[in-house]
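> Model the following, please.
(2 chains, ligands or ions: 3)
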Amino acid sequence: MLTSVVNRRAVAVNVKGRSGTATFTTVPGENLLEAALRQGADVPYGCASGTCGLCKARVTSGRVELLWPEAPGYGKKPRADDALLCQSAAEAPGDHGTLDLTLGGASGALAPPGARAGRFGARILRIDLIGDGLIEIELGLDRPIRYAAGQFGLFYFPGIAGGRAFSFATPSPDTESERVLLVVKRKPDGPATEFLFTRSAPGSRLEMFGPLGHATFDPGCGQDLICVVGGSGISFGLSVMGGATLADHFNTHRGLLVVGLRRPSDLASLAPFGAMAETAGPGLRIIIALSDEDSAPPEGWIVPGVEVMRGFAHDAMHTAMAGHCADLMAYVAGPPPMIQAVQRVLLLEAKLPAGNILCDTFY
Amino acid sequence: MVWKLVEGAAAVLENDMKEFEIDGVGILIARNASGFYAYPALCPHMEAQLAFGTCDGKLITCMQHLWQWEMETGEPVGMAEEALKTYPTKEENGQIYIWFEQEHKYAYMED
Ligand SMILES: Cc1cc2nc3c(=O)[nH]c(=O)nc-3n(C[C@H](O)[C@H](O)[C@H](O)COP(=O)(O)OP(=O)(O)OC[C@H]3O[C@@H](n4cnc5c(N)ncnc54)[C@H](O)[C@@H]3O)c2cc1C
Ligand code: FES
Ligand code: FES
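Numbering: from 1, shown residues only, chains lettered A, B, ... in the order given. Ligands and ions are numbered 1, 2, ... in the order given. Prediction:
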């Protein structure tokens, strides 16, 4: 397995939350979050990659191995018994024969068991450069997967510690599928994206744990949709709004997709959005917002059904909403500053209840 | 006497909030049309500064995971699982004071 986890035996684990206790067993080679989700125990998590802190718990009995002690999710003043479920592995049970943890903060809610996630082998089938520092990757999995639009996978790379989260860039298939598509932005000095950009090729093998994520499109929601994405958040936008399009959601509801880019060279072609616009019909409005003032959209960017304007994604969203903000669900994905700017407009200007805003922060 | 002056708090704008420090303890001061309100600077959920959130005169929202509270009472709204603790405030001679006996802490802050 492509992992740094060294625990050698199965350990029974109890994770105590406010609304109940999740009980599961870990096997060698997996972290506590993967073990829980693999067995359908729905413990709280967000990024699954050590940053958001939502999976933080305290060890009350037994020992854990901290896989990434410096993870930002521990916060400024970590306690000695703190463990992020996504960055810890069971080392040894306590006196009662189990490893016991209590969820940190007040967030002890154990949601009803969700869909089971698991480990998949993945092989790169195709890599295409689709913009400056942006690639699209098609992966073949070793068995079919089913996921909801908006979900992501945690990918493990040879010789690189820890998993990396990448959103599936395709709407959820109606049936299970062995193919998934990713849109990956190169991160300066990032080993995983460096591997994908320079050291991988069709045939390269990875491992994936998934599906993960709560920011998903619900075909039964009966609400208008807004989706605002920035940079590599394109993946999430294609998945959520593509999923809604496939579900004929925009025949009966309105939709707004705003894609924030800096300049046209960020993305060579708007064809995928053109295709979405054509299928969705007039119920869906698609706007590409270019924040770099000096750039003019190239000829090839003129695609029916896709508007291109200058400015920030949150401003374009605000203008396009034009007071229409009654009963809608908002989906937001991308880098943290962009997410916060969009959240501010939705909360302060549109007065949207926080529960109607679903975010995937691309830390 | 445990009314403590919060230097500069009177300058907080309506429907806005700002973090201050009293005896080394972070205090959030928020203001709406009816007055000033004071809370611990950190979110009851996890270690996040509420000052980076939003205040619209009615609700305070933490930007980290979007928990929300009624500004005037600290009562949780929507997804929030815990109330905001509050410190009593008073306005006197154009200055803002809070009743500060000891720091209010949430469960995750106790050792
Ligand atoms: C939910 C979610 C969805 C995302 N979707 C996309 C997407 O669709 N497209 C895209 O381009 N980007 C996406 N991202 C961002 C992407 O995950 C990062 O850009 C990627 O992790 C960068 O990896 P890197 O190794 O190149 O860079 P680095 O900066 O080295 O990696 C940073 C990340 O690696 C992990 N990490 C670092 N060191 C360790 C360690 N020692 N142990 C364990 N973990 C470690 C942490 O998760 C950290 O956040 C998403 C992020 C999240 C959270
Ligand atoms: S889920 Fe573990 S830190 Fe985000
Ligand atoms: S830290 Fe404030 S809502 Fe989670």
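> burial of the nearest residue to A:Q223 once chain neighbours are set aside, as a residue count?
Excluding the flanking residues, the one nearest A:Q223 by Cβ to Cβ, 6 or more residues apart in numbering or on different chains is A:M329, at 4.9 Å. Every C-beta, even on glycine, is put in place using the N, C-alpha and C of the backbone. Counted with other Cβ atoms under 10 Å in any protein chain shown, residues neighbouring A:M329 total 22.
> residue boundaries of the strands in the stretch 51-200 of chain A?
A:56-61, A:63-66, A:82-84, A:88-92, A:99-103, A:118-131, A:134-145, A:152-156, A:164-167, A:177-185 (DSSP state E, counting those that start in this stretch).
> Quick check: the residue nearest to A:Q223 vs A:A89, distance?
A:M329 is 36 Å from A:A89, where distance means Cβ to Cβ, to the nearest Å.
> List, one by one, the residues from chain A near ligand 1.
Proximity of chain A to ligand 1 (Cβ under 6 Å from any ligand atom) is limited to residues A:47, A:49-51, A:67-68, A:152, A:161-162, A:164-167, A:183-185, A:187, A:190-193, A:232, A:235, A:360, A:362-363.
> Was I right to think A:Y74 contacts A:C86?
No - using Cβ atoms under 8 Å as the test, A:Y74 is too far from A:C86 to be in contact (11.6 Å).
> which of those two has more neighbours?
Comparing A:Y74 with A:C86 by other Cβ under 10 Å, the one with more neighbours is A:C86, at 33 against 21.
> Quick one: residues contacting the more buried one.
A:C86 sits next to A:N31, A:L32, A:L33, A:E34, A:Y45, A:C47, A:A48, A:S49, A:G50, A:C55, A:G73 when contact means Cβ atoms under 8 Å, 6 or more residues apart in numbering or on different chains.
> coming back round to it: so what's the residue nearest to A:Q223 bridging to?
In this entry, A:M329 is beta-bridged to A:L225, by DSSP bridges.
> how about the nearest residue to A:S88, chain neighbours excluded?
Nearest non-adjacent residue to A:S88, counting by Cβ to Cβ, 6+ apart: A:V64, 4.4 Å away.
> Give the burial count for the one you found, as a bare number.
Counted with other Cβ under 10 Å, A:V64 comes out at 26.
> If I look at it, what pLDDT would I see?
At A:V64, the model reports a pLDDT of 96.
> Look up how far A:D128 lies from the residue nearest to A:Q223.
From A:M329 to A:D128 the distance is 31 Å (Cβ to Cβ).
> Now do the strands in chain B.
B:3-5, B:16-22, B:25-32, B:35-40, B:54-55, B:59-61, B:68-70, B:76-77, B:89-92, B:95-99 (DSSP state E).
> The stretch 201-350 of chain A too?
A:205-212, A:224-230, A:255-261, A:284-290, A:306-310, A:328-334.
> which residues touch the residue nearest to A:Q223?
A:C221, A:Q223, A:D224, A:L225, A:I226, A:N356, A:L358.
> Mind doing that once more with 7 Å?
The neighbours of A:M329, taking Cβ atoms under 7 Å, 6 or more residues apart in numbering or on different chains as the test, are A:C221, A:Q223, A:L225, A:N356, A:L358.
> I'd like the distance between it and chain B.
To chain B, A:M329 is 13 Å away according to Cβ to the nearest Cβ, to the nearest Å.
> Any idea which helix or strand in chain A has the lowest mean pLDDT?
strand A:20-26 (a mean of 91; mean pLDDT, DSSP states H and E).
> right, is it up against chain B?
No - Strand A:20-26 is not in contact with chain B by Cβ under 7 Å from any Cβ of the partner chain; minimum separation 14.1 Å.
> tell me which residues of that strand are tucked away?
By neighbour count with 16 or more other Cβ atoms under 10 Å in any protein chain shown, strand A:20-26 contains the buried residues A:A22, A:F24, A:T26.
> A:A161: how many residues sit nearby?
11.
> Pull the distance from the least confident helix or strand of chain A to the chain's centre.
24 Å (Cα atoms, centre = their mean, to the nearest Å).
> Can you list the low-confidence ranges for chain B?
B:1, B:111 (pLDDT under 70).
> Okay, and the beta partners of the residue nearest the centre of chain B?
Nearest to the mean C-alpha position of chain B, counting by Cα atoms, centre = their mean, stands B:Y39 at 2.7 Å. Assessed by DSSP bridges, B:Y39 has beta-bridge partners B:L28.
> Quick check: it touching B:G26?
No - with contact defined as Cβ atoms under 7 Å, B:Y39 does not reach B:G26; the gap is 9.8 Å.
> circling back: closest one to B:A107 among the strands of chain B?
Minimum separation from B:A107 across the strands of chain B (Cβ to Cβ) falls at strand B:35-40, 12.4 Å.
> and the closest one, how far out from the chain's middle?
On Cα atoms, centre = their mean, the centre of strand B:35-40 falls 4 Å from the chain's centre.
> Go through that strand and flag the buried ones.
B:F36, B:Y37, B:A38, B:Y39, B:P40.
> ok, how many other residues are close to residue 48?
Since no chain was named, I'll use chain A. 28.
> Switch to chain B, please.
B:A48 has 19 nearby residues by other Cβ under 10 Å.
> Could you do B:Q102 as well?
Neighbours of B:Q102 (other Cβ under 10 Å): 8.
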